[in-house]
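A.B. asks: Below are the sequence and a predicted model; questions follow.
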Amino acid sequence: MFKTNNVASRIFERQIRTPAPGTSRFYENLVPSFTIYDVECPDYSFRKFTDDGQFFIGFSRNHQDLIVYRPTWLSFSRKEEECDNTHELPPKAKRFESFFTQLYVRSLASCNELICKDFFLYMESNQFGIFATSTAQIQNAPAVDGAIQGVPSIEKITFHLLRLEDGVILDEKAFHNDYVNLAHNMGVFLYDDLLAVVSLRYQTIHILQIRDSGNLVDVRAIGAYCREDDELFINSSSQARCYCFHRVQCRKKKFYFHFQDYVDLMIWKVQFLDRHHLLIKFGSVNGGVSRNTDQHPAFFAVYNMETTEIVAFYQNAADDLYLLFEQFCDHFHATSVNLLYMSFISSHSNNVHTLEQLKGMKNKATSFSQFVKKMLSSLPFNCQSMSPSPYFDQSLFRFDNKLISATDWHRQSMDHLIRFISRRQPNILRFKIKIGPEFGSVDGRSKKISHFLFHPFLSLALSIQQTLFLPQSVVNIHFRR
């Protein structure tokens, strides 16, 4: 471990030490040190940085257009006597355009469709972006053509595959009179070149392949049929029931007690574990369309797409599944784990500090069964929902998870200074983030929502505050000066 906070000394120490200390430790020195509050910027809805840091994604306020930027580093000139950090930045340096170069604006939505601003997936190997547009949701749509009663309907959902370098639309895939949960990528999962789309309304998992040519190709559909030559109407929910029955022959009383739960099973959510196995979450209709599924009975199945077999089945309070979750959490983040910067994502299976936090929650829980349900409610994980920024690496920094975290989620704004404390030197404040002016405060009479967008490797972050019922957001830029 480094013994100094001086960057030059650390570089020299890295050259002479064997083995060399990890590169991530340099981020203890390279931290955001300056904030531009309420920066002049276009009135767009900003989504995220791509995980390789090459692009910054935004949408127009009318949800019609995609705007793609290239992150750049601030540069400006000034007179020699002003070349120190005590002087104010020149006005031009305080603009959004000093940090981001707009590449293009591309119209995605057509007719009565709108862009889903909470949905975006990135395929780094080809620098492809996947976006979604949809028409309005119909709540009480009749269940026809095999649709599930109680699930809303959307007349048209379109997935757009774009080459982000130049904005060329390569392919599109449309679903009609269907329902896919697009919020925070819940109903779609990307693994390498495979894309899983969950149709809640028709209880089908569509597996597509993204070709290097930019084509979306149907691979298989898991639902009413699991194989192309299936002649029997055995869907994945029925397989789950059969699996339960064969597994619990010696525990028939418990099986029949939960029999109605098994009968009412529907697919809620899915993720890849690898190229051949899916983790599928089952539950009731009410839980399938709800954002909070904690209170609904749920089950998990590991499904082999090649053999069409369910190889494991768990209830959402299963101790053995929780043990796997605690010890091998990284295996559930089955996206781009081979990339260097993804190693900054902390979990209780790769970071002792995160594990201590989990054990603390477990010790405080009044009911272990309820604790297990709460922990497993996060499975399957939303695809690409974690920021790989090193400032969320809990082996480097300590921060209040109630105020900020690596998870891609909006939070209610609070008038608290967000402090990032050094792990190596526990009482040393490395940097701080405040979402309002230095001497301002959050108006308690109006509800405000904030979220944070960190670049995956630069000392650059945005804090965005939105007041409900007011159109424009306040954007602050935090960077190393």
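C.D. replies: Received it, and whenever you're ready, just let me know what you need.
A.B. asks: Residue 108 contacts residue 131, doesn't it?
C.D. replies: Yes: using Cβ atoms under 8 Å, residue 108 makes contact with residue 131 at a distance of 5.9 Å. All C-beta atoms are positioned from the backbone trio N, CA, C, and that covers glycine.
A.B. asks: quick one: common contacting residues for the two?
C.D. replies: Taking Cβ atoms under 8 Å, 6 or more residues apart in numbering as the criterion, residue 108 and residue 131 both touch 66, 115, 160.
A.B. asks: With respect to residue 208, which of those residues is nearest?
C.D. replies: Of all these, residue 160 has the smallest distance to residue 208: 13.1 Å, by Cβ to Cβ.
A.B. asks: Tell me if the closest one really is in a strand.
C.D. replies: Yes: Residue 160 sits within a strand when classified using DSSP: H, G, I helix; E, B strand; the rest coil.
A.B. asks: May I have the beta-bridge partners of it?
C.D. replies: residue 131, residue 172 (DSSP bridges).
A.B. asks: right, and it touches residue 128 too?
C.D. replies: No: using Cβ under 8 Å, residue 160 is not in contact with residue 128, being 10.3 Å away.
A.B. asks: returning to what we had before: ranking the shared contacts of residue 108 and residue 131 by neighbours, who comes first?
C.D. replies: residue 66 (26 neighbours; other Cβ atoms under 10 Å).
A.B. asks: so that residue is in which element?
C.D. replies: strand 65-71 (DSSP states H and E).
A.B. asks: swap in residue 262?
C.D. replies: Using DSSP H and E, residue 262 sits within helix 259-263.
A.B. asks: avg pLDDT for that helix?
C.D. replies: Mean per-residue pLDDT for helix 259-263: 71.
A.B. asks: can you check stretch 209-223 too?
C.D. replies: Stretch 209-223 shows a mean pLDDT of 95.
A.B. asks: now swap in stretch 178-193 and tell me
C.D. replies: 95.
A.B. asks: how many neighbours does residue 266 have?
C.D. replies: Other residues near residue 266 come to 19 when the count uses other Cβ under 10 Å.
A.B. asks: that older thread, format the shared contacts of residue 108 and residue 131 as TSV; extra columns: distance to residue 299 and pLDDT.
C.D. replies: Formatted as TSV, the shared contacts of residue 108 and residue 131 follow (distance: Cβ to Cβ, whole Å; pLDDT from 0 to 100):
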residue	distance to residue 299	pLDDT
66	38	97
115	34	97
160	33	98
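A.B. asks: which one of the residues you listed is nearest residue 136?
C.D. replies: Set against residue 136, the nearest of those by Cβ to Cβ is residue 115 (13.3 Å).
A.B. asks: do you know how far the closest one is from residue 356?
C.D. replies: 41 Å (Cβ to Cβ, to the nearest Å).
A.B. asks: all helices for the stretch 301-450 of the chain, in order.
C.D. replies: 319-327, 352-364, 368-376 (DSSP state H, counting those that start in this stretch).
A.B. asks: Now distance to residue 187 and mean pLDDT too, for those helices, in JSON lines please.
C.D. replies: Shown next, in JSON lines, are the helices of the stretch 301-450 of the chain (distance: least, Cβ to Cβ, whole Å; pLDDT from 0 to 100):
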{"stretch": "helix 319-327", "distance to residue 187": "22", "mean pLDDT": "92"}
{"stretch": "helix 352-364", "distance to residue 187": "27", "mean pLDDT": "89"}
{"stretch": "helix 368-376", "distance to residue 187": "19", "mean pLDDT": "92"}
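A.B. asks: winner for burial among those helices?
C.D. replies: Stretch with highest mean neighbour count among those: helix 368-376 (a mean of 17; mean count of other Cβ atoms under 10 Å).
A.B. asks: what residues does that one touch?
C.D. replies: Taking Cβ under 8 Å, 6+ apart as the rule, helix 368-376 contacts 294, 298, 300, 316-319, 321-322, 325, 358, 361-362, 365.
A.B. asks: Look up phi and psi at residue 150.
C.D. replies: phi 100, psi -10 (degrees, to the nearest 10).
A.B. asks: So which residues of the stretch 1-150 of the chain form helices?
C.D. replies: Along the stretch 1-150 of the chain, the stretches classed as helices by DSSP H, counting those that start in this stretch are 7-16.
A.B. asks: Helix, strand, or coil at residue 205?
C.D. replies: Residue 205 ends up strand, using three-state DSSP.
A.B. asks: can you pull the contacts of the residue positioned nearest the centre of the chain?
C.D. replies: Closest residue to the average C-alpha location of the chain: residue 385 at 1.1 Å, with Cα atoms, centre = their mean. Each residue near residue 385 by Cβ under 8 Å, 6+ apart is listed here: 184-185, 407-409.
A.B. asks: Only whichever of those residues are buried, select them in PyMOL.
C.D. replies: Restricted to buried positions by 16 or more other Cβ atoms under 10 Å, the PyMOL selection for those reads:
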select buried, resi 184+185+408
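A.B. asks: before we move on, the earlier item: looking at the contacts of helix 368-376, spot the one nearest residue 144.
C.D. replies: Looking across the contacts of helix 368-376 and measuring by Cβ to Cβ, the closest to residue 144 is residue 298, at 27.2 Å.
A.B. asks: Residue 146: which of the contacts of residue 385 is nearest?
C.D. replies: Nearest to residue 146 among the contacts of residue 385, with distances taken as Cβ to Cβ, is residue 185, at 25.8 Å.
A.B. asks: thinking again about what came up before, can you give me the buried ones in the helix or strand following the helix holding residue 262?
C.D. replies: For helix 259-263, the following helix or strand on the C-terminal side (DSSP H and E) is strand 266-272. Buried residues in strand 266-272, defined by neighbour count with 16+ other Cβ under 10 Å: 266-272.
A.B. asks: Likewise for stretch 59-74?
C.D. replies: 59-60, 63-69, 71, 74.
A.B. asks: so residue 388 touches residue 52, yeah?
C.D. replies: No: if you go by Cβ under 8 Å, residue 388 and residue 52 don't touch, sitting 9.3 Å apart.
A.B. asks: more neighbours, these two?
C.D. replies: residue 388 (24 against 16).
A.B. asks: Pull the contacting residues for residue 72.
C.D. replies: 98-101 are the contacts of residue 72 under Cβ under 8 Å, 6+ apart.
A.B. asks: so where's the chain shaky on pLDDT?
C.D. replies: Low-confidence segments of the chain (pLDDT under 70): 1-24, 75-87, 228-258, 260-261, 286-295, 334-343, 436-446, 471.
A.B. asks: go again using 80 as the cut-off
C.D. replies: 1-25, 74-93, 224-264, 285-297, 334-344, 412-416, 426, 435-447, 467-472 (pLDDT under 80).
A.B. asks: can you map out the strands along the stretch 151-300 of the chain?
C.D. replies: For the stretch 151-300 of the chain, strands defined by DSSP state E, counting those that start in this stretch occupy the ranges 153-163, 168-178, 188-191, 194-199, 204-210, 216-222, 266-272, 277-283, 298-304.
A.B. asks: I'd like the ones you listed written out as JSON lines, with distance to residue 465 added.
C.D. replies: Listed next are the strands of the stretch 151-300 of the chain as JSON lines, based on distance: least, Cβ to Cβ, whole Å:
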{"stretch": "strand 153-163", "distance to residue 465": "29"}
{"stretch": "strand 168-178", "distance to residue 465": "33"}
{"stretch": "strand 188-191", "distance to residue 465": "28"}
{"stretch": "strand 194-199", "distance to residue 465": "33"}
{"stretch": "strand 204-210", "distance to residue 465": "35"}
{"stretch": "strand 216-222", "distance to residue 465": "37"}
{"stretch": "strand 266-272", "distance to residue 465": "30"}
{"stretch": "strand 277-283", "distance to residue 465": "33"}
{"stretch": "strand 298-304", "distance to residue 465": "34"}
